[in-house]
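[1] Here you go, sequence then predicted model.
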Amino acid sequence: QVQLAQSGGGLVHPGGSVRLSCVPSAYELWTYAMGWFRQPPGKEREFVAAMPWNNESTHYSDSVKGRFIMSRNTADFTVYLQMNNLKAEDTAVYYCAANKWGTEFAVDVDEYAYWGQGTQVNIAS
C-alpha cells in the first residue's frame, strides 16, 4: 500500500520558518511528480508547489514564490517544503501528494493519486 508519511509543522511566529517532510513508502514513488497543497480554515485545498520526477524544476504558487522552497532528497526520496518568512495567511493544513504522470505544472488536486495525512501549520504571535 502506497503511503506518504508527513512530519513537521506546528505553531510558528510570523516571519519564522518551518520545514515539512514527506516520506514515500513505495520505491516506485521516486519516479512520480510530487506536489504540496494546503487547505486554509474554511477554504478549499490549494496548490503550493510541485516538481517533476527528475527534480529538474519547481513551480510555485504566486502566494509562496520567493518564500517557500520545495526539494527532494535523491538518496531516500524524502520531499521537503521549507517555509520561510511565514505569514498569518499561510495557516493551513499542508499535504504532500504524488502524481504518476505529472510535471511541475500539475496544480489541480485531481491530478494526484496519493496523499499524505496532512500536517497543521499555524502562524500566530
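    Everything's here; your move.
[2] From now on I want contacts and neighbour counts done on CA atoms only, so please keep to that.
    Will do.
[3] what is the residue nearest the centre of the chain paired to in the beta sheet?
    By C-alpha atoms, centre = their mean, the mean C-alpha position of the chain lies nearest to Trp36, the distance being 2.4 Å. Taking DSSP bridges as the rule, Trp36 bridges to Ala49, Cys96.
[4] Double-check it against Met51; I have them as touching.
    No - counting by C-alpha atoms under 8 Å, Trp36 stays clear of Met51, with 9.3 Å between them.
[5] per-residue pLDDT, His60?
    Quick fix: residue 60 reads Tyr, not His. As predicted, Tyr60 sits at a pLDDT of 98.
[6] What pLDDT is listed against the nearest residue to it once chain neighbours are set aside?
    Closest residue to Tyr60 apart from its sequence neighbours, by C-alpha to C-alpha, 6 or more residues apart in numbering: Ala49 at 4.3 Å. For Ala49, the pLDDT comes out at 98.
[7] okay, now Ala49: neighbour count?
    By other C-alpha atoms under 10 Å, 27 other residues sit near Ala49.
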